[in-house]
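Undergrad: Return a 3D structure for these sequence lines:
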Amino acid sequence: MQTTATPAPEVAGHWTRLLAQYREPSYGRSIFEIAVTLVPFAALWVLAWLAVYLGHWELSLLLGIPAAGFLVRLFMIQHDCGHGAFFRHRLANDWVGRILGVLTLTPYDVWRRTHAIHHASSGHLERRGIGDIDTLTVREYNELSFWGRLRYRLYRHPLVMFGVGPTYLFILRQRLPLGLMKSGWQAWVSAMATNLAIAAVVATIIWFIGIGPFLLVHLPITIVSGSIGVWLFYVQHQFEETYWAGGTDWTLQQAALHGSSHYDLPGILRWFTANIGIHHVHHLSSRIPYYRLSRVLREHPDLRGVSRLGLFESFRCVRLVLWDETQRRLVSFRDAWKQRSRPSGA
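TA: This is a model prediction of the structure:
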């Protein structure tokens, strides 16, 4: 991982103040971003259905891949709405976010609250568990029973994390306000209203085209987009030299700058993922619209090398599953076992 040109730790708070100038959204640009994402998604969906209708289901699967990319981009727009970054007025952000939540199968108000917790506690060892990927320290893992370690290994297995897990998350888990079950009626209203809207849209489409064609078209799109979304969230914080700390050692700015990666993707992937790879800047100032994040890097090149992670380099992050408090880095199960087996004082 490239770490050159990293700003000194003591100036992490300086970036937060400096980046405030990029926070003002453009109403016209935001509307344009919605149009160039939603219209192609709808067109690809219709083309995929036509392929199924004409008996070419293989073509439908191929069309589902770019459609999944556009669905990921719609989620990123919803994400910016949740931060109040896409429009100047909260009402516009919230209602666009809620409508998009029907397409992304994500109850907007529930997600917004849990994601705010994630931003406020990212990298804090004592505040894990809401809006993040479960991460144990080496000590915590070693203290688990055999069945506890097995459960954690299964949870962290790539087939579960990026295969079964995203499908379960978006199709089943988000139907209830998990994490906010006891936080009040607002979370329940958000989840149930989203569920009703999803049911109404799905029932209408099925009434017109039938349940078989609907599942052939939409299920692959949902599965692929969900896996992409979870992968992006994973590599944004689960890289070797990420930041975890506890107590008074943790600071919000340090966690933002060094606990979030700069996932440096090729141009076409940056567009489909709405610059979410510039995640360290996003955590430093979450009110910056995604279409201004690349400008931040152009005008402040010192930020380009901070926690930079390339596409092929990112695949190695899958094996990093435990936080080593001694080495202050993420390690694999094998690394943790070697450390445990090493004689004392070796």
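Undergrad: Can you show me the helices along the stretch 101-250 of the chain?
TA: 108-121, 138-142, 146-156, 158-159, 165-171, 185-209, 211-237 (DSSP state H, counting those that start in this stretch).
Undergrad: got the buried residues for the helix or strand hosting Phe312?
TA: Here Phe312 sits within helix 311-314, counting by DSSP states H and E. The neighbour-count criterion (16 or more other C-beta atoms under 10 Å) identifies Glu313, Ser314 as the buried residues of helix 311-314. Yep, even glycine has a C-beta here, placed from its N, CA and C like the rest.
Undergrad: Show the average pLDDT along it.
TA: For helix 311-314, mean pLDDT rounds to 95.
Undergrad: what are the pairing partners of the next helix or strand after that helix, and which direction each?
TA: Once the chain leaves helix 311-314, the next helix or strand it forms, by DSSP H and E, is strand 322-324. Strand 322-324 has its sheet partners listed here by DSSP bridges as strand 136-137 (parallel), strand 329-331 (antiparallel).
Undergrad: I'd like the ones you listed as JSON lines, with mean neighbour count and mean pLDDT appended.
TA: Below are these laid out as JSON lines (neighbours: other C-beta atoms under 10 Å; pLDDT from 0 to 100):
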{"stretch": "strand 136-137", "mean neighbour count": "19", "mean pLDDT": "96"}
{"stretch": "strand 329-331", "mean neighbour count": "20", "mean pLDDT": "96"}
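Undergrad: Among these, single out whichever gets nearest to Leu71.
TA: strand 329-331 (29.4 Å; C-beta to C-beta).
Undergrad: what packs against the following helix or strand past that closest one?
TA: Moving toward the C-terminus from strand 329-331, the next helix or strand (DSSP H and E) is helix 333-341. Judged by 3 or more C-beta pairs under 8 Å, 6 or more residues apart in numbering; DSSP states H and E, helix 333-341 is in contact with helix 138-142, strand 322-324.
Undergrad: Quick test: name the residue nearest the centre of the protein.
TA: Phe233 (3.2 Å; C-alpha atoms, centre = their mean).
Undergrad: wait, that residue sits on Gly131?
TA: No: using C-beta atoms under 8 Å, Phe233 is not in contact with Gly131, being 9.6 Å away.
Undergrad: hmm, back to that, just the helices and strands packed on helix 333-341: most buried one?
TA: Among the helices and strands packed on helix 333-341, ranked by average contacts under mean count of other C-beta atoms under 10 Å, first place goes to strand 322-324 (a mean of 21).
Undergrad: Just list the residues touching Ile288, thanks.
TA: Taking C-beta atoms under 8 Å, 6 or more residues apart in numbering, we find Ile288 in contact with Leu19, Tyr22, Arg23, Ala85, Val281, His282, Val296.
Undergrad: ok, Arg295 - how many residues close by?
TA: Using other C-beta atoms under 10 Å, Arg295 has 12 neighbouring residues.
Undergrad: How about Gly267?
TA: Other residues close to Gly267 by other C-beta under 10 Å number 8.
Undergrad: three-state assignment of the nearest residue to Gly277 once chain neighbours are set aside?
TA: Computed as C-beta to C-beta, 6 or more residues apart in numbering, the closest residue to Gly277 that is not its neighbour in sequence is Tyr263, at 3.2 Å. Following DSSP: H, G, I helix; E, B strand; the rest coil, Tyr263 is assigned to strand.
Undergrad: okay, and for this structure, where does confidence drop off?
TA: 1-13, 341-346 (pLDDT under 70).
Undergrad: switch the cut-off to 50
TA: Within the chain, the stretches with pLDDT under 50 are 1-10, 346.
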